[in-house]
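Student: Compute the structure for the input listed below.
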Amino acid sequence: MSWKITDITRAWRAPPAFRPAAAADAEALAALHAASFRFGWEAAEFERLLADRLSRALVATEGPGGRVTGFILLHGVAPEMEILSIAVARSHRGGGIGRALVQKAMARLAAEGIATLFLEVEEGNRPAVTLYEKTGFREIGRRPGYYRDAAGKPVAAIAMRRDLA
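Tutor: Here you go, the predicted structure:
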């Protein structure tokens, strides 16, 4: 078995803490989103979404300062919600934070009476598709050419659904 530095570093980390996102997190969420996607959202967009009573957001944090290492942002009206975005810091990927964010969000939404959770994901984003499949989402359709990859080539959006009730 060979070890990588990231494996050793991950093993020494304390487990992340999870909490609802707050307006004060908007800058950190925007920075994490920009580092994770080709088209990042501005902090003002996160501020608007976090203030919206129809939105829910959770963050994963680490360390005494509570540095944000991941987030999930959802929006909708009962009995349905949609995952708008999820991101985990590159240095923390592969450690289960994404899965924990999805699972914690699903538990919270189910407790609020949300029956169904939807999302869209770029067809070529294999890590995200795998995460969603492992957390019980199933493909319900595709939108051909909805996204563009880094080379500008059209890529389908995969629509997925997870029943919570």
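
Student: any weak-confidence spans in the chain?
Tutor: Confidence mapping of the chain against pLDDT under 70 gives the ranges 1-12.

Student: Where is the longest helix in it?
Tutor: Longest helix in the chain by number of residues (criterion: DSSP state H): helix 97-111.

Student: Which strands and helices lie in contact with it?
Tutor: Judged by 3 or more C-beta pairs under 8 Å, 6 or more residues apart in numbering; DSSP states H and E, helix 97-111 is in contact with strand 17-20, strand 55-62, strand 67-77, strand 80-88, strand 116-122, helix 126-134. Every C-beta, even on glycine, is put in place using the N, C-alpha and C of the backbone.

Student: Save those as JSON lines, and put in distance to Glu42 and mean neighbour count too.
Tutor: What follows is those, written out as JSON lines (distance: least, C-beta to C-beta, whole Å; neighbours: other C-beta atoms under 10 Å):
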{"stretch": "strand 17-20", "distance to Glu42": "21", "mean neighbour count": "14"}
{"stretch": "strand 55-62", "distance to Glu42": "16", "mean neighbour count": "21"}
{"stretch": "strand 67-77", "distance to Glu42": "14", "mean neighbour count": "20"}
{"stretch": "strand 80-88", "distance to Glu42": "13", "mean neighbour count": "21"}
{"stretch": "strand 116-122", "distance to Glu42": "21", "mean neighbour count": "19"}
{"stretch": "helix 126-134", "distance to Glu42": "22", "mean neighbour count": "15"}
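
Student: that's a strand at Glu45, yeah?
Tutor: No. Read with DSSP: H, G, I helix; E, B strand; the rest coil, Glu45 is helix and lies in no strand.

Student: ok, now which ones touch it?
Tutor: Residues near Glu45 by C-beta atoms under 8 Å, 6 or more residues apart in numbering: Ala30.

Student: one more time with 6 Å, if that's ok
Tutor: Applying C-beta atoms under 6 Å, 6 or more residues apart in numbering to Glu45 gives no contacts.

Student: Can you give me the distance of it to Asn125?
Tutor: According to C-beta to C-beta, to the nearest Å, Glu45 and Asn125 sit 21 Å apart.

Student: Lovely, talk soon.
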